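A.B. asks: A structural model of the following input is requested.
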Amino acid sequence: MSLDVPTMTETRAKPDPRVYMAAERTFLAWIRTGIALMAFGFVVARFGVFLRQVALGSRIVIRGHSGLSLYVGLGLISVGLVVCVVSALRHTRYVKALDAGRFREAYGATFAFAIVALLAVVGVTMAVVLASV
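C.D. replies: Okay, here's the model as predicted:
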């Protein structure tokens, strides 16, 4: 009873399909994130319209409304689009690196942390806007 351990050349010749499937799942997760950002951006952009309609219906005066929600919403839609494009580019680059046998190429998590930081800033901004209304 011997265990056949594949050599490095055999591993490169027959890449594990699970690695490609994991890369595809990660890519699809980024696409879902981009779509969610775009949908959230649409909701935020329409939030200002909703507030104005509520104010008209109940005769509440909204002071200092600058239409910030429209710009924040458009920004989130743009960020969602950028996330989709960057994730497609990263996935393509990663699959090429896998095909070339460079499995452990460093990509880093900077992009993910940048998105988290941006969403934190948007969340704080929207909380301030809601508190001031």
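
A.B. asks: contacts, neighbours, all on C-alpha from now
C.D. replies: Will do.

A.B. asks: which is the next helix or strand following the longest helix seen in the chain?
C.D. replies: Under DSSP state H, the helix in the chain containing the largest number of residues is helix 17-58. Following helix 17-58 in sequence order, the next helix or strand is helix 68-99 (DSSP states H and E).

A.B. asks: helices and strands around that following helix, which ones?
C.D. replies: On a contact count with 3 or more CA pairs under 8 Å, 6 or more residues apart in numbering; DSSP states H and E, helix 68-99 meets helix 17-58.

A.B. asks: ok so, going back, quick check: mean pLDDT across the longest helix of the chain?
C.D. replies: Helix 17-58 shows a mean pLDDT of 86.

A.B. asks: Figure out the helix or strand that R102 lives in.
C.D. replies: Under DSSP H and E, no helix or strand contains R102.

A.B. asks: quick one on the thing from earlier: can you tell me which helices and strands the longest helix of the chain packs against?
C.D. replies: Applying 3+ CA pairs under 8 Å, 6+ apart, one finds that helix 17-58 contacts helix 68-99.
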